[in-house]
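Asks: got a sequence here, can you model it:
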Amino acid sequence: MNWTESDKKQMQEKGIGIQKIANQLDHLKRGFPFLDIIKPATIGDGILRLTEEEIQELIDKSKIEYPKNKIIKFVPASGAATRMFKHLYDFNSVPDKEMILEDKGFNSPYHFFSNLSSFAFYEDLKETIGLIKKELKEEDFIAIFKGLITEKGLSYGNLPKGLLKFHSYPEGSKTPVHEHLVEGALYASSVGKVFLHLTVSNEHMELFQKHIADTIHEVEKKYALKFDISFSVQKSSTDSLAVTMENEPFRADDGSLLFRPGGHGALIENLNELDGDIIFIKNIDNVVPDRLKDETIKYKQALAGLLLQTKERIFNYYDKLGKGVQINNKLIVKVEEFLNHILCTVFPKEYAKYSIEQKVQYLRSKLNRPIRVCGMVKNAGEPGGGPFWATNPDGSISLQIVESSQIDLKNPEKNTIVNQSTHFNPVDLVCSVKDPTGNKFNLLNFVDNETGFISKKSKDGKELKAIELPGLWNGAMSNWNTIFVEVPLITFNPVKTVNDLLRPEHQ
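Replies: Prediction:
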């Protein structure tokens, strides 16, 4: 590819090297390989189901260990709210509004307009557009749309999801950010301090900072602790070059190259810069009012306890395997059983032929990895990733969170495996990112760079293709040690459309 000096300058400004661009172009031409899923992870076969006694023991463990650890709550919060209001945008753009209002289903505009007073932003909307009548006419619908969505009103269509009012309380309303502050106080505090890190977009940084400044003191006072808040933006160096449908670089009208954000998986770079011992990861829109937080707190602390317990065992085995003179077959068998049964790792066929020295080297390499304990909920038909056993490039098999885009659904065998899946990934992770010597892992060394998919978009009426990385918990954490644990469905209450806020869990 012959790049112009202007192209090279643009790449340099983004921090993207020419070799990386070449790799992207190669992927855009040939696509990404599908992940070889073997079977779904299910209860007793890849997913743990904890008893109440085990949960309490793990919570006790976390309470003892918390003061010795720096705990960080990591919240991806850059998502715009635009898609939450898609049905309202569609409604506003269609001439025959009466026809759309005939649909009275839960996700319909009719259901939204009929239940306006149940939304936490209702009072703000009334202040913006004035009195809202009970019997609404077409001009009222348009006024409500403009008052809520556009910049002339509350501008909800332009705000990040984290700053919308989600829940009503007697003392006022709370945004997802506010709810995450409360969650942090309840399950991620250590020695009177909570570290909260949010990934946000550059354009919304000031809005987040102002909102937190307005709410943080109330939470600190109520829970008698202090917050340490930090922010980061998705790095432009993780952007992907867009191409035409003929795989030529897509250029804007001024001749410049078009780059697109690389997707959620690019946030591994942001996570990699955090220095913590225990890192909780949870999406910005998965929050519930205080009355329903108990189960979330309980399971978060239990997952943290399991992480700490597992880390101790990993470090212990890693240390013993490093003391050459003491190594015997009994120890090797113990570590093999631990990797097989607890970390759900199936060794490649060649492993059986390894010498003791080769086995020790292999086992230590498998132990010396970041750790994630992931909550899984029963599949309730939500779109998104799920837990599977999958083949790794080295021939081993391990637990992976897999998006449907990573699976060859045209293959009847793989389709059957997907249909047998019983659980879903709610993005409920607790992570350890330090090695047995206490040094921070370079998380970029544990990414599967062959994970991704090609999305088709358009710009100025012209079709284009771009690379998207699946979730942070997919290929970006492919080579982590993984444990899946069943958690209650009540801990998973995302808000994908504004009408989701009318569900009982958000009222």
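
Asks: which residue packs closest to residue 124, ignoring adjacent ones?
Replies: The spatial neighbour of residue 124 that comes closest, neighbours along the chain excluded (C-beta to C-beta, 6 or more residues apart in numbering), is residue 154 at 5.9 Å. For every residue, glycine as well, the C-beta is placed using N, CA and C.

Asks: surely that neighbour and residue 145 touch.
Replies: No. Under the criterion of C-beta atoms under 8 Å, residue 154 lies out of contact with residue 145, with a separation of 11.1 Å.

Asks: look up the closest residue to residue 319, ignoring the ones flanking it.
Replies: Of all residues apart from its sequence neighbours, residue 436 sits closest to residue 319 (C-beta to C-beta, 6+ apart), at 6.5 Å.

Asks: from memory residue 78 sits against residue 160, does it?
Replies: Yes. Counting by C-beta under 8 Å, residue 78 does reach residue 160; the two are 6.6 Å apart.

Asks: hey, what's in contact with both of those two?
Replies: In terms of C-beta atoms under 8 Å, 6 or more residues apart in numbering, residue 78 and residue 160 are both contacted by the residues 200-201, 204.

Asks: among those, who's most crowded?
Replies: Counting by other C-beta atoms under 10 Å, residue 200 has the largest number of neighbours within these, with 25 neighbours.

Asks: ok, that residue touching residue 160?
Replies: Yes. With the criterion set as C-beta under 8 Å, residue 200 and residue 160 qualify as a contacting pair; they are 6.8 Å apart.

Asks: and for the two, which residues touch both?
Replies: 77-78, 208.

Asks: count of residues packed around residue 405?
Replies: As a burial measure, the neighbour count of residue 405 was computed by other C-beta under 10 Å and equals 18.

Asks: the one 4 residues further on too?
Replies: When counting by other C-beta under 10 Å, one arrives at 11 neighbours for residue 409.

Asks: quick check on the closest residue to it other than its chain neighbours: phi, psi?
Replies: Taking C-beta to C-beta, 6+ apart, and ignoring the residues beside it in sequence, residue 409 has residue 415 as its nearest neighbour in space, at 5.4 Å. Summarising the backbone geometry of residue 415 under the convention degrees, to the nearest 10, its torsions are phi -60, psi -40.

Asks: what about residue 415, neighbour count?
Replies: Residue 415 has 13 neighbours, counted by other C-beta under 10 Å.

Asks: check which element follows the helix or strand bottoming out on mean pLDDT in the chain along the chain.
Replies: Least confident helix or strand, the chain: helix 97-101 with a mean of 84, by mean pLDDT, DSSP states H and E. Following the chain from helix 97-101 toward its C-terminal end, the next helix or strand by DSSP states H and E is helix 109-114.

Asks: can you name every helix or strand that that next one contacts?
Replies: With contacts defined as 3 or more C-beta pairs under 8 Å, 6 or more residues apart in numbering; DSSP states H and E, the packing partners of helix 109-114 are helix 86-93, helix 97-101, helix 138-149.

Asks: name the residues of that helix that are buried.
Replies: For helix 109-114, the neighbour count (16 or more other C-beta atoms under 10 Å) marks 109-110, 112-113 as buried.

Asks: ditto for stretch 211-219
Replies: Buried residues in stretch 211-219, counting neighbours by 16+ other C-beta under 10 Å, are found at 211-212, 215-216, 219.

Asks: from those, which ones fall inside helices?
Replies: Counting by DSSP state H, those place 211-212, 215-216, 219 in helices.

Asks: could the residues you listed go into CSV alongside pLDDT?
Replies: Output for these, formatted as CSV (pLDDT from 0 to 100):
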residue, pLDDT
211, 98
212, 98
215, 97
216, 97
219, 98
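
Asks: point out where the protein drops to low pLDDT.
Replies: Applying pLDDT under 70 to the chain flags residues 324-326, 381-384.

Asks: domain assignment for it?
Replies: Here the domain parsing of the chain from automatic domain parsing is 5-78+168-492, 82-158.

Asks: adding distance to residue 501, write these out as CSV.
Replies: What follows is the domains of the chain, written out as CSV (distance: least, C-beta to C-beta, whole Å):
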stretch, distance to residue 501
domain 5-78+168-492, 10
domain 82-158, 6
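
Asks: closest to residue 505 out of those?
Replies: domain 5-78+168-492 (5.6 Å; C-beta to C-beta).

Asks: looking at this, residue 373 is in a helix?
Replies: No. Counting by DSSP: H, G, I helix; E, B strand; the rest coil, residue 373 is not part of a helix but strand.

Asks: tell me how many other residues crowd residue 480.
Replies: Residue 480 is flanked by 24 other residues according to other C-beta under 10 Å.

Asks: with adjacent residues omitted, what lies nearest to it?
Replies: Taking C-beta to C-beta, 6+ apart, and ignoring the residues beside it in sequence, residue 480 has residue 370 as its nearest neighbour in space, at 4.6 Å.
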